[in-house]
Each structure stands twice: as C-alpha cells, then as structure tokens.
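Engineer: Quick one: sequence and predicted model below, then my questions.
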Amino acid sequence: MGQIFELIRSGRARTRAELAAVTGLTRATVSQRVDVLMEAGLVLETKEGVSTGGRPPMVLRFNREAGVVLAADLGATHCRLAVADLGGRPLVELPAELDIAQGPDAVLGWVQDRFEELLEEAGRSVEEVWGIGIGVPGPVDFARGQAVSPPIMPGWDRVPIPERFVERFGRVPVLVDNDVNIMALGEHRVNWPEVEHLLFVKVATGIGCGIVAGGRIHRGERGAAGDIGHIRISGHEETVCRCGNVACVEAVAGGWALAKQLSGLGYPATGSRDVVGLVRAGNPAAARLVRTAGELIGEVLASLVNFFNPAVIIIGGDLAHAHEQLFAGIRSVVYQRSLPLATRHLQIVPSELDDRAGIHGAAAMVVEHVLRPETIEETAQERIRRRAGRPAGG
C-alpha cells in the first residue's frame, strides 16, 4: 500500500490503470488498496481524466485536506507557529515575541494555547491534528524529543517535550528537533528539492547549521551535528561563551555578542535585531562589526565546504538581514580559503523563506513521518477507525 500511496501522492500515477502498470499488481489488488486509502480520506477520485475513447478515466489525487499538522519554530527571543495541511502548506500562521528562557512550563503552555486558537482560526478541530513538529534553539536528542544541555534554554535540559502535548492534543506524534535543522528542511523542500547536499546557517542570537545530506537531514549519532556556533576561533581566547568555553565563533560573531559590543560603544543594542537596525540606519560601527562577523563565520564555513562539499549554503536568521555586510565577509573568506573544486559551483545565498523557513520545515518533518510508506497502511486503518467513531485498536 505504501508504494501505491507514494505514486498517487507524487503524481507519478493518476489512475488505477497507471498504478497497475507501474507496480505490476493486478487491477483487483490495486483497487482494494486504493479503496482503503479513499475510505481513510487520504485519496480522492474525480472525473478529470482525458478520454482516449469511451468514458474518461477517474483520476486519483492525494487529499492534502484530510488532516492538519501543527508547527512551532521557537527561537531564543521570538517564534512562529502555524497550522499546515498534509501537503505541508501553512494555512494560518502566528509570529510572536517569546523568550525561550522563561522555561518549558510557560513557553509550552503558551504554545498550546496559541495552537488551539490557530486551529479555530483555520476552521479545524483538535481531532484533525495528525502530528506536531517543534524546533528549539539548542542541541536535541531527536529520538527522545528532549533538549540536552542547551546553553540558552535554562530549565529545559532533558524535559520530555512530547509528553507536554498529550493531554490537549492526544497521542499524536510530536517530533522535536533543533531549530536550524527544521529551517534547513524547510528551505530544501520548498526551494531546493533537487539539491542533494546543502547547508543552512542561521546567524541570529546564536549561530547554528542544518545539514542536508543525500536529500535528508543529517543529525549525527546523537543529534549534535551542525552545532558550529561552538567551534573555536583563534585570536579570541579572552572571549567567554555562554557554553562555558572560550573563543567560540558564536561568542564573537553571534547577534548577542555584536549587540554587547555595540552597547559598550554607547549604541542602543540588546539583540540581533537591534544590530541590523543600526546597520540599516547607516551606523558605521555596526556595519564594520557585521562585516567582521561575516569573515569569522566564513572561516568556519570554509572548513565545512572543504569537508562536506555542499552545492548550496543558505544564510538565514536575523543578521542575514544585514545582507550586504554579512555576505561580503562570508563570501570573501569562503572563496579564498576553500578548495577550487569545492567552490566551482557553490552558491552562497540568503534564505528565501526567511523567518518562515522553520514552520515549513517543522510541518514537512511531521508530514513525512506520519505519511511514510512503511506505515501508511497502519495509519489508514487508524483513520478509518476514527472516522467510524471506533476506539484505537477496536
């Protein structure tokens, strides 16, 4: 059934006859499996085909309106939430200021309240939620849905985030990942689906990197892959990072570090957005600091280019809005210090989705999980039970 569903979902087969031809299954077997998918609401059949003589064929298509997923991209100081359909398309969104340092009780309670309001705005119910995807600004044990020793998330260490959503949203899958991973996934799925190897670098309060390898997010053995903000930069041994180490690139070139430097010079800056505001206002000190930050980040990225050889590096986060200064610094160092073969076709570009990349990625993460081919038959049968009003397993 998984193969048939994927063929319909991707549009590679649009009729029962095409499914039989592609899979080699009998028409009776194809019809039986299609009927289950239709009963579950996952597939619709309409009279849209072109006749080659006789009656026009009935056309099959994936029903992206069969349910919804909830997506939350939680940053250090602001967030964006959304309700998306099963195609990963956001239906309603909410950007907001939110301090992750308030702790899991306050933050996750607020997120759940907003999710319920967004569902009402979208005209959907809690019963139509198929899963929840959440990105947080720290290292994540993906298998357990827990942030692990996150430097800027006090009180979050090993908190079982999925369990916080059971009471109000039932036992739907709740997937938790690092915020930069979901941004990388969102940009890849929406704008770069044909690219196999891609890096997404978020330069905001902190600095992180999401890695797409072979078209999939690469998390590493324990989910720590891409935590480039704590790579050591030479010449800054006096600078202490919030992680407790010294000379981390984030402690020198992150938004909080630049704001601290500008504040020390007498300029009003408490965060990365203030830094960008000063650059846009023509402040020469801010422009110079952002250019230098770009060069320091470029040192790290040059090593990554030599090691990983990506086709595209996407730069996102608040400081990416100081585009001219930041990108000038990054590009000058990357193209100077990386091997010619690795940079021959390398593109270094700003995020097209900008601060919406995370919700697209969180939605895609959940949709791909709940609709994966190996479990779609089980998913379909569970949806049929729910539509009939029978309890799970009944």
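Structural biologist: That came through, no problem. Every value quoted in this text rests on a predicted model; they were computed, and no experiment measured them. Numbers count the residues shown, from 1 in each chain.
Engineer: for Met1, what are its contacts?
Structural biologist: Residues near Met1 by C-beta atoms under 8 Å, 6 or more residues apart in numbering: 33, 36-37, 376-377, 380. Where you see a C-beta, it was placed from the backbone N, CA and C, and this is true even at glycine.
Engineer: 7 Å instead?
Structural biologist: Going by C-beta atoms under 7 Å, 6 or more residues apart in numbering, Met1 touches 33, 36, 376-377.
Engineer: what does Phe165 give?
Structural biologist: With contact taken as C-beta under 7 Å, 6+ apart, Phe165 is in contact with 112, 132, 174.
Engineer: Identify the bridge partners of the second one.
Structural biologist: The residues listed as beta-bridge partners of Ile132 by DSSP bridges are Leu70, Val174.
Engineer: mind checking how far it is from Arg288?
Structural biologist: Distance of Ile132 to Arg288, given as C-beta to C-beta, to the nearest Å: 43 Å.
Engineer: same deal with the first one?
Structural biologist: Between Gln112 and Arg288 the computed distance is 44 Å (C-beta to C-beta).
Engineer: the more surrounded of these two?
Structural biologist: Looking at Gln112 and Arg288 with other C-beta atoms under 10 Å, you find the greater number of neighbours at Gln112, namely 18 against 12.
Engineer: isn't the more buried one right next to Arg168, touching?
Structural biologist: Yes. Counting by C-beta atoms under 7 Å, Gln112 does reach Arg168; the two are 5.4 Å apart.
Engineer: got the residue ranges for the helices in this structure?
Structural biologist: 2-10, 16-23, 27-39, 104-122, 166-169, 179-191, 249-253, 255-264, 272-280, 284-308, 323-337, 340-343, 357-370, 376-387 (DSSP state H).
Engineer: tell me the domain boundaries of the chain?
Structural biologist: 2-62, 67-182+359-372, 184-356 (automatic domain parsing).
Engineer: out of the ones you listed, nearest to Ile384?
Structural biologist: Within the domains of the chain, the stretch nearest Ile384 is domain 2-62; the backing value is 5.1 Å (C-beta to C-beta).
Engineer: picking up where we left off before, now for the domains of the chain, which one comes closest to Arg386?
Structural biologist: Across the domains of the chain, Arg386 has its closest neighbour in domain 67-182+359-372 (7.3 Å, C-beta to C-beta).
Engineer: mean confidence for that closest one?
Structural biologist: Averaging pLDDT along domain 67-182+359-372 yields 96.
Engineer: what about that domain, start to end distance?
Structural biologist: Start and end residues of domain 67-182+359-372 are separated by 15 Å (C-alpha to C-alpha, to the nearest Å).
Engineer: Check stretch 197-206 too.
Structural biologist: Start-to-end, stretch 197-206 (C-alpha to C-alpha) is 23 Å.
Engineer: when you give positions from now on, start the count at 844
Structural biologist: Okay, using 844 as the starting number, the last item reads as stretch 1040-1049.
Engineer: What are the buried residues along it?
Structural biologist: 1041-1049 (16 or more other C-beta atoms under 10 Å).
Engineer: OK, contacts around Ile1157?
Structural biologist: 1030, 1041, 1043, 1192, 1194.
Engineer: So for it, what's the nearest residue that isn't a sequence neighbour?
Structural biologist: Counting by C-beta to C-beta, 6 or more residues apart in numbering, Ile1157 lies nearest to Phe1043, which is 4.7 Å off, once chain neighbours are set aside.
Engineer: count of residues packed around Gly1058?
Structural biologist: Gly1058, neighbours per other C-beta under 10 Å, totals 14.
Engineer: isn't it right next to Glu1039, touching?
Structural biologist: Yes. The pair Gly1058 and Glu1039 qualifies as a contact (C-beta under 7 Å) at a distance of 5.6 Å.
Engineer: Leaving out sequence neighbours, find the closest residue to Glu1220.
Structural biologist: For Glu1220, the spatially nearest residue (C-beta to C-beta, 6+ apart) is Met844, at 4.4 Å.
Engineer: next one: phi and psi at Pro993?
Structural biologist: In terms of degrees, to the nearest 10, the main-chain angles of Pro993 are phi -70, psi 120.
Engineer: From Cys1086, how far off is it?
Structural biologist: The gap separating Pro993 from Cys1086 is 10 Å, by C-beta to C-beta.
Engineer: And the two? Which one has more around it.
Structural biologist: Pro993 (21 against 17).
Engineer: Dihedrals phi and psi, the nearest residue to that one once chain neighbours are set aside?
Structural biologist: Closest residue to Pro993 apart from its sequence neighbours, by C-beta to C-beta, 6+ apart: Gly981 at 2.6 Å. Taking degrees, to the nearest 10, you get phi -170, psi 170 for the backbone angles of Gly981.
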